[in-house]
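S.K.: Dropping the sequence and predicted coords here.
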Amino acid sequence: MTLYLKRRYHAGGTNGEITYEGRVVCACIELPWRGNRRFISCIPEGRYRLVKRMHSRWGEQLAVANVPGREGILIHPANDALTQLQGCIAPVTKCTAPGVGSYSRVALERLKDLVYPVLDAGEEAWLVVVEESVVVDDD
């Protein structure tokens with residue numbers, strides 16, 4: 001399984017859309033790009049394996065593995081990247097401003113419902129992070 005995260009970068013946060021087989025799964029928010037610095041930047045564009053991770057306090061979580069120079073990158077609920085994220089990815093049902101979204105827990109459940117059965121079956125799940133292509137209308 002390969003999911004695609006297409007991003008739009010803004011000074012106040014990064015907005016994106018996660019798709020699977022050409023269909024939108026959810027939107028997402030992240031911190032702005034700040035050179036991949038820990039705790040204050042979104043992760044670099046690239047291809048990352050998704051894995052389950054058990055947390056003593058929060059239970060089972062979806063993690064992004066093998067991020068260069070980073071560890072502990074999770075996909076977890078948040079509605080404001082600047083105040084609630086430290087480099088992780090937050091699914092949201094809708095982006096409402098740069099780095100801000102709504103109904104994050106609903107979006108996370110939708111994503112987990114798609115990915116967890118694949119991981120439970122022993123198959124691989126991947127997240128490909130790319131910048132959204134700019135389409136120029138020549139009219």
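M.R.: Sure, I can see it. Numbers count the residues shown, from 1 in each chain.
S.K.: Just to check, residue 87 is in contact with residue 44?
M.R.: No. Judged on CB atoms under 8 Å, residue 87 makes no contact with residue 44 at a distance of 11.0 Å. Backbone N, C-alpha and C define where each C-beta goes, glycine included.
S.K.: quick one, which of the two is more surrounded?
M.R.: Set residue 87 next to residue 44 and count neighbours by other CB atoms under 10 Å: residue 87 wins out with 23 against 14.
S.K.: Quick check: that one vs residue 70, distance?
M.R.: 6 Å (CB to CB, to the nearest Å).
S.K.: any common contacting residues for the two?
M.R.: By CB atoms under 8 Å, 6 or more residues apart in numbering, residue 87 and residue 70 have these common neighbours: 38, 43.
S.K.: All the helices of this protein, residue numbers only.
M.R.: Assigned by DSSP state H, the chain shows helices spanning 81-84, 104-120.
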